[in-house]
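Novice: 3D, please:
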Amino acid sequence: MSYLDAVRFQLKEACHLTGAAWAACLSSPPNAGHFLVSYRLRASCQKRLKAYLSNLRETIWNEGMGSRPKIRWKVFEEFACGQGRLYVFPSANGRVFLLVQAEGLETEALNLWRLVALGLTDEVPAAELIPDLQADIPYNTPRALESVLNSIFGVVPCQAGWLAVRSGELLLVQAQKNCPRCLHSTLSFDGNEFFARLRQSLQPIVLSRGDPGWELLPRRGMTEATSTWAAFPLVVGQRLIGVVTLWRETEFSLSELEHLSNWIARLASTVEIVVTFDEMSNHLRRLAMLNDFALTVSSAQGLEQIVRRVFAMLQRTFRTELVTLFLLSSDARILREYRNQSGGRVGVQSLPVTAGPLAEMVLDGKLLRLDDLPASGYPALHEDSRSALVVPLRYRGQVIGALDLENQEPAAFSVYDEHLMVVIASHLAGLVEYGRLREEAEARARNLGLIHEVVEQVIGLTDTNEVAQIAADLMAQYFAYELAAIALVDKDGQLNIAGIGGQAARVVQAGLHEMNSIRGGGISGRVLRTGVSALVSDVDQDKDYVPITDWEAGSEMCVALKDGERILGIIDVESRHKNAFTSIDLLTLESMAGILAGVITAAEQYQRLQTTIRQLRITQEELQARVEAQRLAESRLVQAAKLAAVGEMAAGIAHELNNPLTTVTGFVDLILQDLPPDDARRPDLEMVLREAHRARSVVRRLLDFSRQSESVRDRIDLNETINETISLMRHLIHTSGVQLHIRLDDSLPWVSADKNQLKQVFVNLFHNALQAMPQGGQMIVETFLSERGGRTWVAAAVSDTGVGIPPQDQERIFEPFFTTKSDRGGTGLGLSVTYGIVTNHGGTIEVESQPEKGSRFIVYLPV
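Specialist: Next comes the predicted model:
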């Protein structure tokens, strides 16, 4: 490439970087108007420009743009070819200047054009001596500087050497020839007296072996045969911009040294242009990155999209794909790693925040720029990484993550890159935190919706086990849990599985069956005891974890079901994968547990309420029975009072009847004693006597019923008592049209009873049976032994085929004055008296009756 082609290319690159409309390189007065080279300058505009410059010739020259220019640049507003201003930049020797038209140039752009102008000359060097600065990538600093160094070696043969660019108080070796170990090394002016002297004098330094200070030279790359070492300053104006160091096995001649000095002096401007263009290109590229960050990254929706755009931006800017982002979860338990992958993809994985180099690097929050990564001791995240830049992400003073950039070249990142990444990281931290908060809010809203759906389907259930099983199934379905289990505390305080759902439900149920129980053990047991929720990212690291047969868990969440301070049970969720759950998942599970605890408590309270209601109903029935019994007792007391009054009346009547009956029987006996046996009146008198005796017997029974006298009990034969009663009633039975059947057990034992009272019992039962069969029928009288309640009883039964007793009246037939035969003369006293006599003897009386089929009264007396 020729010199003018190189200048044209410089004009092109400078126009692109600064946004200029066009640029031209011209010779200074008195040859003003001679165009050496231009870019984007139209022919019509060039003619107008020549005329304009002809008028300004003296002005430009007089204002200091001559052989010793006093100004760096000047602006002319009058030129009207195109839009914007006309800028004039003189060269270092004043014999060449640049014309640039632009709407407005910032300070960085002005400095760039000034540097281009300083490197211009009206002398075109020989083509073979000009370094090919345009090989491959223009202004790629290492390659361009290698071309410069190669051109020097073409002027004077040397054994080896290097070219270093000044950076503050340091020299950075950026090109080498035959000494690869010297590349990227750093030298300090203060650390070497020769470089310090070179900085002060700006004159070459030449040393030969054996000269004082030879041992102080940087000897890397030298051999035992090296005999001469020379250092040449790269000077622009009065500024030292770099150093070229050469050595060889023979000494330099004076002409070679002069030739080298002149050539290197001429190349100094070229070196500065190369370095400046590279720095300005990087600067503008990084400014473009900031602009890109503001426009594209800030508008990203969601954390993953933010990360993907940031990675693409950093990849373009720093020309490396080795980018990794670490973000801490909101509870600082999980470290999420986002790694740049091929094809623009982003790989994500979750790591536990444990004691390790990655965690230390992130949590320390230190800014690291590592020029030699393998020697630093820090872990390389990518293979073959030679340098790294680690920038912490801080939000409101708290470390929330770190951004790691790595490169396969050593010392790939500068201090400027470091400062730029601090700015990027500051903005990125805010975006990441905003994106994370947004995703967390969306996840919480989504989870609350799912919780609502779960609760909606269990809220009306009243069985706690049913609530647990349905909730476990729905949680596994809606939240995609591999295993969701709900365990409840029973009345004995033991923890038992009440519901289990998920793909692993069967396997875990079988494993728990083999283990017999989960009582008090494992992470769930700890949560049950303490009530503190557990989020375990790696169950192998938890000492309380109890493995289940055929189930390999990786991570686990467990929360308590609480009703106030009382723990009802636990909800346990597990996954085969480690780091499967986040703090948001735990918060969701705790919310679910709070609502389910209320549902389960309500179900328990409902069950207790139902039990209480049943007990109250039983108590109510008992109270009603007692009230009814009390009412019956009170009614019977009233009837007893009435009966007592009737008894008193009967006693008075019996007493009044007994006296005339005594008189009748007495006189009839006297008459019968006086009458001869064959007297025709004797049968009638004997009948009168019998009836009088019978009347006295009735009166006596009436007195027995009415008076409060103690009964006289004796050992009696129940069959004999029944036969005597039948004898008294046989005539009445016969005249009633009733057929009598007697079935008496001759093996009956004796009973202790008042014979007369028992006769009254059977008389009442016989009368009751006869009254139930007004049209005649069958009456059966039988006796037998019966075993009841572990005792032996003598039983007597009286059955009829009469009208029967309605069911609603069977409970009242033994009440005084209660009768179903009021239309047939019933008084309601017979069965009441019978009941009293039987119970007074320690026995019971029962009735079996069906309407229209008859009745059967059974009297049980103790043996």
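Novice: ok, the residue nearest the centre of the chain - contacts?
Specialist: For the chain, the residue sitting closest to the mean C-alpha position, by Cα atoms, centre = their mean, is residue 585 at 2.3 Å. Residues near residue 585 by Cβ atoms under 8 Å, 6 or more residues apart in numbering: 535, 557, 573. Glycine gets a C-beta too; all of them are placed from N, C-alpha and C.
Novice: just checking, what's the longest strand in this protein?
Specialist: Looking across the chain with DSSP state E, the single longest strand is strand 777-788.
Novice: which residues are in contact with the next helix or strand after that strand?
Specialist: Downstream of strand 777-788, the first helix or strand assigned by DSSP states H and E is strand 791-800. With Cβ under 8 Å, 6+ apart as the test, strand 791-800 has contacts from 718, 722, 738, 748-749, 751, 762, 765-766, 768-770, 772-773, 777-787, 843, 854-863.
Novice: any idea how far residue 686 is from the residue of the chain most remote from its centre?
Specialist: The outermost residue of the chain, judged against the average C-alpha position, is residue 676 (124.6 Å), by Cα atoms, centre = their mean. Separation of residue 676 from residue 686 (Cβ to Cβ, to the nearest Å) stands at 13 Å.
Novice: buried set for stretch 332-351?
Specialist: If you call a residue buried by 16 or more other Cβ atoms under 10 Å, then stretch 332-351 has these buried ones: 333, 334, 335, 336, 337, 338, 339, 340, 346, 350, 351.
Novice: mind putting those into a markdown table with pLDDT and distance to residue 282?
Specialist: Output for the buried residues of stretch 332-351, formatted as a markdown table (pLDDT from 0 to 100; distance: Cβ to Cβ, whole Å):
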| residue | pLDDT | distance to residue 282 |
| --- | --- | --- |
| 333 | 71 | 40 |
| 334 | 75 | 36 |
| 335 | 79 | 32 |
| 336 | 82 | 31 |
| 337 | 86 | 29 |
| 338 | 88 | 26 |
| 339 | 88 | 25 |
| 340 | 83 | 21 |
| 346 | 83 | 26 |
| 350 | 75 | 36 |
| 351 | 72 | 34 |
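Novice: and the two most separated of those residues?
Specialist: Distance extremes for the buried residues of stretch 332-351: the farthest pair is 333 and 340 at 24.8 Å, using Cβ to Cβ.
Novice: so how far is the biggest helix by length in the chain off the chain centroid?
Specialist: Secondary structure of the chain per DSSP state H: the longest helix is helix 583-674. Its chain's C-alpha centre and that of helix 583-674 lie 61 Å apart, by Cα atoms, centre = their mean, to the nearest Å.
Novice: orientation of whichever helix or strand comes after it relative to helix 583-674 in degrees?
Specialist: Using DSSP H and E, the helix or strand that directly follows helix 583-674 along the chain is helix 682-706. Relative orientation of helix 682-706 versus helix 583-674 (axes from the mean of the first three to the mean of the last three Cα atoms, to 10 degrees): 150 degrees.
Novice: can you give the domain ranges for the protein?
Specialist: Following automatic domain parsing, one finds the domains of the chain at 3-118, 127-279, 298-442, 459-709, 711-862.
Novice: with distance to residue 452 added, can I get the ones you listed in TSV?
Specialist: Shown next, in TSV, are the domains of the chain (distance: least, Cβ to Cβ, whole Å):
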stretch	distance to residue 452
domain 3-118	57
domain 127-279	60
domain 298-442	16
domain 459-709	9
domain 711-862	57
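Novice: out of those, which gets nearest to residue 285?
Specialist: Using Cβ to Cβ, the nearest of these to residue 285 is domain 298-442, at 5.9 Å.
Novice: isn't residue 538 up against residue 577?
Specialist: No. Using Cβ atoms under 8 Å, residue 538 is not in contact with residue 577, being 10.2 Å away.
Novice: mind listing the shared neighbours of these two?
Specialist: 554, 555.
Novice: these two: who's more crowded?
Specialist: residue 538 (16 against 12; other Cβ atoms under 10 Å).
Novice: residues in contact with the residue nearest to that one when sequence neighbours are not counted?
Specialist: In space, and not counting its chain neighbours, residue 538 is closest to residue 578: 4.9 Å by Cβ to Cβ, 6 or more residues apart in numbering. Residues in contact with residue 578 (Cβ under 8 Å, 6+ apart) are 350, 352, 537, 538, 554, 555.
Novice: can you flag which of those residues belong to strands?
Specialist: Judged by DSSP E, strands contain the following of the contacts of residue 578: 350, 352, 555.
Novice: now do the SS call for the closest residue to residue 772 other than its chain neighbours.
Specialist: Nearest residue to residue 772 in three dimensions, chain neighbours excluded: residue 802, at 2.8 Å (Cβ to Cβ, 6+ apart). When classified by DSSP: H, G, I helix; E, B strand; the rest coil, residue 802 comes out as coil.
Novice: so what does residue 802 look like in phi/psi?
Specialist: When read as degrees, to the nearest 10, the backbone of residue 802 gives phi -80, psi -150.
Novice: give me the neighbour count for it.
Specialist: Residue 802 has 24 neighbours, counted by other Cβ under 10 Å.
Novice: what's the answer for residue 712, then?
Specialist: Residues lying near residue 712 (other Cβ under 10 Å) number 10.
Novice: kindly report the same for residue 734.
Specialist: The local packing of residue 734 (other Cβ under 10 Å) involves 11 other residues.
Novice: where does the stretch 401-550 of the chain have low pLDDT?
Specialist: The stretch 401-550 of the chain contains residues with pLDDT under 70 at 513-520.
Novice: follow-up on the earlier one: what is the nearest of the buried residues of stretch 332-351 to residue 433?
Specialist: residue 336 (13.4 Å).
Novice: which other helices and strands contact the helix or strand hosting that closest one?
Specialist: In the assignment (DSSP H and E), residue 336 maps to strand 334-340. Strand 334-340 is packed against helix 303-318, strand 322-328, strand 346-352, helix 357-364, with contacts defined by 3 or more Cβ pairs under 8 Å, 6 or more residues apart in numbering; DSSP states H and E.
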